[in-house]
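**Q** Would you be able to build a 3D model of this:
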Amino acid sequence: MIVERFFPALSWLKSYNRVQFGQDATAAFIVTMLLIPQSLAYAMLAGVPPEVGLYSSILPLVLYAIFGTSSSLSVGPVAVASLMTATSLAVIAEQGSASYLTGAITLALLSGAMLVTMGVMKLGMITNLLSHSVISGFISASGIIIALSQLKHIFGIQAHGDNVVTQSLSMLENISQFNPMTFVVGLSVVTFLLLARRYAKSFFIMLKVPETYAASLAKTAPILGVLSSLALVYVYDLQAQGVAITGTIPAGLPHLSLSLPSFELIKSLALPALMISIIGYVESISVGKTLGAKRQEKVKPNQELIGLGTANIASGISGGFPVTGGFSRSVVNFDAGAVTQLAGIMTAIGIMIASLVLTPILYFLPKATLAATIIVAVTTLIDFSILKKTWAFSRSDFYAVLATIVITLLMGVEVGVASGVGLSILLHLSRTSRPHVAEIGLIEGTEHFRNVKRYEVKTSPNLLCLRPDESLFFVNAAFLEDSILDSINHRPDIADVVIQCSAVNEIDFSALEMLEALNNQLKTLHIKLSFSEVKGPVMDHLECSGFLQHLSGKVYLTQYQAFNDLVKNS
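**A** This is a model prediction of the structure:
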């Protein structure tokens, strides 16, 4: 149905039942326990007040539930998008100022508008332009920057910077501010979370909790870390010993408002918003497809753009910052048994209750605890095994990934993501500009043609048969032309050239001009140019252009026909 295509929630609502409700409610409770400390922590990372993290986890979940297509994806603040938000806003406003928060809201609105526009224009294939190995390198480097940026809260010092060099130098300059008690609190929470990650599941299984729920409950350890450290600060008055706390978090729900930002602000934040949109979408669609494959659930890329876009617009309207689908909480949502996006709506209700009731309790929450939560969370993002894998498989991929990592670490996430996108495009253009062009011959006793360098095949000294394994367009047209002319220069007996087009899905105007020039050049050398196995749409374009009327050779239905005809005639 057309309505269901625009509102995917209708497809699962009409068959919703009590059993599914119970599964979704259980998952929502567990995800809420994980999302409360995450929301506060990522708000701190983004440089906005802690309550803004909670606001960014309410309406976005509801809007994604209506427009999204993944039953498992949990939308809200995430580490990389939060870091990119802080980096983008650092140059236009000071943290804590009203203009900084306005900038964060503007980023969410711009990102949402861009994502919805891309969805309406059916640009879900945008992920195909980005090398996943390069994006993996960028995310790993971002994870290091994020973790390093939080060490100042663990040490209890002031520091700044948007790359590893400036961050490290700033911390060294201020190391005299080191607070031992803050360090003890932060290190204790980090240790607890790392131990919980490794042993908590086994602990819950030992308590006879079913394995499925044990894995999900284990991931809610941050809430126990929050409560324990909060209690310690309150009981032993650690604030008096220099332990920085969150302080007053206003209770209540977000005030919904939509005010158009100034043109200057839009101009300043348009590019960062686009980068956040692209990286957020790539992360979300990857998580959604991975979890969807486990349930044989189809995640629709174009509708996901709309789902994430409306979620970001909702975040902006409710005073939040950019959001996207988070890996850790989506996995928890999946493992806890969520079967529909109603689990997301229930999670939003849980965050609403926390915003109304729990915020006074969080007054004594140490910032070191939130920093520890972030540090442990982003360790899952850091994966340098991609370097080993790409080195073994593709050196060009390896150098692109390595360059992205180094640039991101040394120059920050904005330059890093731009370089990652640029390197992805360069990798694509590099590969397509020098496509694999095989000289082919007939495998005797068959009608099959294969690469002469790989198989024992039958060829003719008067005939050159080539198979370009790529569509022909402006980037690679000259390469094919050079390949043909180079072969002719080394083999003066050639009288016919046949291009097998079985792998050619498209020929653009630049490639057509090259073929016309090649046809004329071969004519002067008394060599005929022919084609075989031309696909229908490509043939339509060649006929409309008038090229075939001047073709010196023929267009053959199969390469076997071309070979038999031209070998016999020669």
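
**Q** Surely Leu269 is in contact with Ile105?
**A** No. In this structure, Leu269 is not within contact of Ile105 by Cβ atoms under 8 Å, at 10.4 Å. C-beta here means a position set from N, CA and C on the backbone, and glycine is covered the same way.

**Q** Tell me where this protein has strands.
**A** 75-76, 324-325, 437-442, 449-451, 463-468, 496-500, 528-532, 555-556 (DSSP state E).

**Q** Point out the most buried one among those strands.
**A** strand 75-76 (a mean of 32; mean count of other Cβ atoms under 10 Å).

**Q** so can I have JSON lines of the strands of the chain showing mean pLDDT and distance to Thr69?
**A** Shown next, in JSON lines, are those (pLDDT from 0 to 100; distance: least, Cβ to Cβ, whole Å):
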{"stretch": "strand 75-76", "mean pLDDT": "94", "distance to Thr69": "12"}
{"stretch": "strand 324-325", "mean pLDDT": "92", "distance to Thr69": "11"}
{"stretch": "strand 437-442", "mean pLDDT": "94", "distance to Thr69": "40"}
{"stretch": "strand 449-451", "mean pLDDT": "95", "distance to Thr69": "42"}
{"stretch": "strand 463-468", "mean pLDDT": "95", "distance to Thr69": "37"}
{"stretch": "strand 496-500", "mean pLDDT": "96", "distance to Thr69": "40"}
{"stretch": "strand 528-532", "mean pLDDT": "96", "distance to Thr69": "42"}
{"stretch": "strand 555-556", "mean pLDDT": "96", "distance to Thr69": "43"}
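
**Q** any chance of those in CSV, with distance to Trp391 too?
**A** Formatted as CSV, the strands of the chain follow (distance: least, Cβ to Cβ, whole Å):
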stretch, distance to Trp391
strand 75-76, 35
strand 324-325, 30
strand 437-442, 26
strand 449-451, 26
strand 463-468, 29
strand 496-500, 34
strand 528-532, 39
strand 555-556, 43
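
**Q** Identify whichever of the ones you listed lies nearest to Phe138.
**A** strand 324-325 (14.6 Å; Cβ to Cβ).

**Q** still on that earlier bit, any idea which of the strands of the chain gets closest to Glu513?
**A** For those, proximity to Glu513 was assessed by Cβ to Cβ; strand 528-532 is nearest, at 14.3 Å.

**Q** which of the residues in stretch 206-216 are buried?
**A** Counting neighbours by 16 or more other Cβ atoms under 10 Å, one finds that the buried residues in stretch 206-216 are Val209, Tyr213, Ala214, Ala215, Ser216.

**Q** tell me the contacts of the third one?
**A** To tie it back to what came earlier, the one meant is Ala214. Contacts for Ala214 were tallied using Cβ atoms under 8 Å, 6 or more residues apart in numbering; they are Lys201, Phe204, Ile205.

**Q** what sits against the first one?
**A** With contact set as Cβ under 8 Å, 6+ apart, Lys201 has these partners: Glu211, Ala214, Ala215, Ala218.

**Q** close enough to count as contact, the last one and Ala196?
**A** To tie it back to what came earlier, the one meant is Ala218. Yes. With contact defined as Cβ under 8 Å, Ala218 reaches Ala196; the gap is 6.4 Å.
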